[in-house]
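S.K.: all I have is the shape, not the residue letters:
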């Protein structure tokens, strides 16, 4: 063996082929970049634009797009960082949905189904984090 990497992938390797990973990383970077650009534009319109109605919604949407695009942009460079950013985005989404459903608002009352969905989403997120932490066990290399 001359020390070079083999051209074919090991059949026991559970990861997808290298070419497929490269395409997926490129797509994640392009989609994340577009979402980040759209989020920055929406924030700029909300901050500097001459709009009165919908300013808060545009600002929240722009911030949300930036929050969601961060894991996509980080994925090609660092998979553990992308997982942590995705957990942050999902946690922020769960907290925001909880605030919308359970914070008292004048003239708006969410349905019991919406409240149950918010509770189920938060519970599933906590359960998923618990399973990931338990499965990791003593292996510090998995993220």
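M.R.: Received it, and whenever you're ready, just let me know what you need. From a predicted model like this one, the values you see are computed outputs, not experimental measurements.
S.K.: list the contacts for the residue most central in space within the chain?
M.R.: By C-alpha atoms, centre = their mean, the mean C-alpha position of the chain lies nearest to residue 86, the distance being 3.6 Å. Going by C-beta atoms under 8 Å, 6 or more residues apart in numbering, residue 86 touches residue 71. Where C-beta positions appear, they are placed from N, C-alpha and C, glycine not excepted.
S.K.: quick check: phi and psi on it?
M.R.: With angles defined as degrees, to the nearest 10, residue 86 sits at phi -70, psi -40.
S.K.: state the distance from it to residue 40.
M.R.: Residue 86 is 20 Å from residue 40, where distance means C-beta to C-beta, to the nearest Å.
S.K.: I'd like the distance between residue 58 and residue 64.
M.R.: From residue 58 over to residue 64 the distance is 11 Å, taken as C-beta to C-beta.
S.K.: identify each buried residue in stretch 79-95, please.
M.R.: By neighbour count with 16 or more other C-beta atoms under 10 Å, stretch 79-95 contains the buried residues 82, 85-86, 89-90, 93-94.
S.K.: tell me the average confidence for that stretch?
M.R.: For stretch 79-95, the mean per-residue pLDDT is 90.
S.K.: now do the lengthiest helix in the chain, average pLDDT.
M.R.: Counting by DSSP state H, the longest helix found in the chain is helix 18-48. Throughout helix 18-48, pLDDT has a mean value of 89.
S.K.: list the contacts of residue 71.
M.R.: Residue 71 makes contacts with 32, 82-83, 85-86, 89, as judged by C-beta under 8 Å, 6+ apart.
S.K.: could you dump those into TSV with distance to residue 134 added?
M.R.: Output for the contacts of residue 71, formatted as TSV (distance: C-beta to C-beta, whole Å):
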residue	distance to residue 134
32	30
82	21
83	16
85	22
86	19
89	22
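S.K.: quick check: the farthest pair among those residues?
M.R.: For these, the farthest-apart pair by C-beta to C-beta is 32 and 83; their separation is 14.4 Å.
S.K.: of the buried residues of stretch 79-95, closest to residue 129?
M.R.: Checking the buried residues of stretch 79-95 against residue 129 by C-beta to C-beta gives residue 90 as the nearest, at 9.2 Å.
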